[in-house]
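[1] sharing a sequence plus its predicted fold:
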Amino acid sequence: MRTPAATLLRTVDAVARLGDSPAAFTLLPKQDLLDALHAIADLRQSCDTFSAWIAGELNRRSMPDLGSAGLAQQEGYRTPQAMVEAITGATKGGAVSIVEVGKMLAETDAVETLQREHPELPAPPTPWQAPIAHAVTDGRISIAQADAIRAGLGLPTESVPADALREAAKELLDDASALTAGQLHRRARQLRDDLDDTEVADREKAQLEQQHLKAWKRPDGMVEGKFLYAPEPGAFLLSVLDELTNPRRGGPRFVKEEDRERIDAIVNDPRSTERLAADGFLELLRIGADADPGQVYGSRRPAVRVIVTKESLDSGEGHGSIQDTGEAVSIGTIRRAICSAGTVAVVLDDDGQCVNVGREQRLFTSRQRTGLAVRDGGCMWPGCDRPPSWCEAHHINQWKRDHGKTDIADGVLLCKHHHLLLHNHGWDITRTGGRYMLIPPRSISANREARHLATKSRAVQDWNARRHRLRDSLRDHSPDPSSPGG
């Protein structure tokens, strides 16, 4: 039987055989070096599981009602988190994660042990976090991933019961092996938003109340400041900064000819990127301060694109999302945005393909890129988090080599880095219907084992979820063919 203790001993032994100094790794072949890194990762994950167990017990012995008699307090620490941070060398956030996950593991184990050893006694229900706890103990996810799911899904409420959170946790665990802790947290928040749309509007209002901008003069005469903006106005701020500096920071290389002069000017400007952003932002403030109140602007306004289904827009139920960040926005916010920016309709077929956005020219048009942004949600390369505005449209059947068409079904979004990596190092992308696969070169995988490219688009994820729920509902209500009259 594979136990955490056995896994720890196995991983310790594997790491101990790697060597005793940096010199032991200098001559290792590439695959051996990667295997060594995986061994270290396995060992760290095993140690983190034991750390969480200990932290859970440390927390129990340091409960606030124990006062100065608590274990952490006896040792001179204000909280169990502070004690874990000091002893393990973890960051403050890392120590909080270890303690929170430790509490979750301890609570789950206590309830399940009572249910197993004393079935005759009334026991509290199994915590909704139990699937997460089991995944940690089994070594399927790290402490950081477990805490990301826990924190992202939040606490049960009257409108979001524990059973709904348990099912959401199981859904996230199915994809956890391919997602970082940050990506899991974002996806968990999205699932929570899907469970209760009222929380989206309430959170949006609370975030707007937290907005602030402060500036002050330092002793040397320089002016310094800080700001905080809610997701939707914050996305507008980021789009302004993108307009000012994007070509410097890895934005798309393929642009319209009429934009080439402006792009080249930004790239060749002798100022640093940070100085360019600061000067450009100040110039925008000057223009705004000097503007004639009766003049109407809008020809070059940076855009914040929001995505919403027609059903949600028509009914007023549900919510949408900001294209480049995936943050949920309320229907009220979307309707306000539509008043100033209008809409672009994008229709998806059964394969999740955009079917009404044009085709056939050498470069993808703005309308096609809109469709790609809705469908892909950003760079399709596994693990990449670059948003659509930072991406280039890649021809699966290359324009020159394969005489490929500029058809949206045969294009995918890739950031500049991964687009160059694909072309320069022998990677390929193939498509079957609406399913895209990344094929590595033989130097990476001898048999070129394909990797699935999953959409990063929250809109498509929600669309697929609705289709699955509808399909399940129809199946549950269809007559049983074995029953009389079925």
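    Cool, the structure landed. Treat the numbers as computed from the prediction; the structure is a model and nothing was measured.
[2] give me the number of residues near residue 372?
    26 (other Cβ atoms under 10 Å). Every C-beta, even on glycine, is put in place using the N, C-alpha and C of the backbone.
[3] now do the SS call for the residue lying closest to residue 308 once chain neighbours are set aside.
    Using Cβ to Cβ, 6 or more residues apart in numbering and skipping the chain neighbours, the partner closest in space to residue 308 is residue 320 (3.2 Å). Secondary structure for residue 320, judged by DSSP: H, G, I helix; E, B strand; the rest coil, is strand.
[4] what sits against residue 320?
    Residue 320 sits next to 306, 307, 308, 309, 312, 313, 328, 329, 331, 333, 334, 459 when contact means Cβ atoms under 8 Å, 6 or more residues apart in numbering.
[5] beta partners for it?
    residue 329 (DSSP bridges).
[6] ok, it to residue 454 distance?
    Separation of residue 320 from residue 454 (Cβ to Cβ, to the nearest Å): 21 Å.
[7] next, the buried residues of the longest helix along the chain.
    Identified as the longest helix of the chain according to DSSP state H is helix 30-60. For helix 30-60, a neighbour-count test (16 or more other Cβ atoms under 10 Å) marks 36, 39, 42-43, 45-46, 48-49, 51-60 as buried.
[8] what sits closest to residue 142 if chain neighbours are left out?
    Counting by Cβ to Cβ, 6+ apart, the residue nearest residue 142 is residue 45, at 5.2 Å.
[9] which residues touch the one you found?
    Neighbour list for residue 45: 139, 142, 143 [criterion: Cβ under 8 Å, 6+ apart].
[10] hmm, residue 184 and the second one touching each other?
    No. The pair formed by residue 142 and residue 184 falls short of the contact definition of Cβ atoms under 8 Å, at 10.0 Å.
[11] settle it for me: which of those two has more neighbours?
    Neighbours around residue 142 and residue 184, counted as other Cβ under 10 Å, are more numerous at residue 184. The numbers are 25 against 22.
[12] check contacts around the nearest residue in space to the more buried one that is not next to it in sequence.
    Closest residue in space to residue 184, ignoring its immediate chain neighbours: residue 148 at 4.3 Å, by Cβ to Cβ, 6+ apart. Residue 148 makes contact with 181, 182, 184, 185, 188, according to Cβ under 8 Å, 6+ apart.
[13] could I get the full set of strands for this protein?
    212-217, 223-228, 306-307, 319-322, 328-330, 391-395, 411-415, 428-432, 435-439, 451-453 (DSSP state E).
[14] switch these over to a markdown table; also include mean pLDDT and distance to residue 99.
    Converted to a markdown table, the strands of the chain look like this (pLDDT from 0 to 100; distance: least, Cβ to Cβ, whole Å):
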| stretch | mean pLDDT | distance to residue 99 |
| --- | --- | --- |
| strand 212-217 | 94 | 30 |
| strand 223-228 | 94 | 27 |
| strand 306-307 | 79 | 37 |
| strand 319-322 | 82 | 32 |
| strand 328-330 | 84 | 29 |
| strand 391-395 | 83 | 39 |
| strand 411-415 | 88 | 36 |
| strand 428-432 | 89 | 43 |
| strand 435-439 | 91 | 38 |
| strand 451-453 | 90 | 35 |
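[15] of all those strands, which lies closest to residue 176?
    Among the strands of the chain, the nearest to residue 176 by Cβ to Cβ is strand 451-453 (15.0 Å).
[16] what packs against the closest one?
    Secondary-structure packing of strand 451-453 (3 or more Cβ pairs under 8 Å, 6 or more residues apart in numbering; DSSP states H and E): strand 435-439.
[17] need the contact list for residue 125.
    Here residue 125 is in contact with 111, 162 (Cβ under 8 Å, 6+ apart).
[18] mind pulling the model confidence for it?
    Confidence at residue 125, expressed as pLDDT, is 87.
[19] measure it to residue 188 for me?
    Where residue 188 is concerned, residue 125 sits at a distance of 21 Å (Cβ to Cβ).
[20] go on, residue 229?
    Separation of residue 229 from residue 188 (Cβ to Cβ) stands at 23 Å.
[21] any low-confidence regions in the stretch 201-350 of the chain?
    Where the stretch 201-350 of the chain drops to pLDDT under 70, the residues are 249-259, 291-303, 339-350.
[22] can you map out the helices along it?
    Per DSSP state H, counting those that start in this stretch, the stretch 201-350 of the chain carries helices over the ranges 231-245, 257-268, 273-290, 310-315, 331-341.
[23] phi and psi next, for residue 450.
    When read as degrees, to the nearest 10, the backbone of residue 450 gives phi -70, psi 150.
[24] my read: it touches residue 439, true?
    Yes. Contact status for residue 450 versus residue 439: in contact at 5.5 Å, counting by Cβ under 8 Å.
[25] what is in contact with the two at once?
    Overlap of the contact sets of residue 450 and residue 439 (by Cβ under 8 Å, 6+ apart) consists of residue 430.
[26] tell me the spacing between the residue lying closest to residue 224 once chain neighbours are set aside and residue 225.
    If the residues on either side of it in the chain are set aside, residue 224 comes closest to residue 218, at 5.5 Å by Cβ to Cβ, 6+ apart. Distance check for residue 218 against residue 225: by Cβ to Cβ, it reads 10 Å.
[27] same deal with residue 128?
    42 Å.
[28] more crowded one of those two?
    A count of neighbours by other Cβ under 10 Å puts residue 128 above the other of residue 128 and residue 225, at 22 against 8.
[29] surely that one touches residue 163?
    Yes. Counting by Cβ under 8 Å, residue 128 does reach residue 163; the two are 7.1 Å apart.
[30] which phi and psi does residue 28 have?
    phi -70, psi 140.
[31] that one against residue 36, yeah?
    Yes. The criterion here is Cβ under 8 Å, and residue 28 meets it with residue 36 at 7.0 Å.
[32] what's the burial count for the residue nearest to residue 319 when sequence neighbours are not counted?
    Residue nearest to residue 319 in three dimensions, not counting chain neighbours: residue 200, with 4.5 Å by Cβ to Cβ, 6+ apart. Look at residue 200: counted by other Cβ under 10 Å, it has 22 neighbours.
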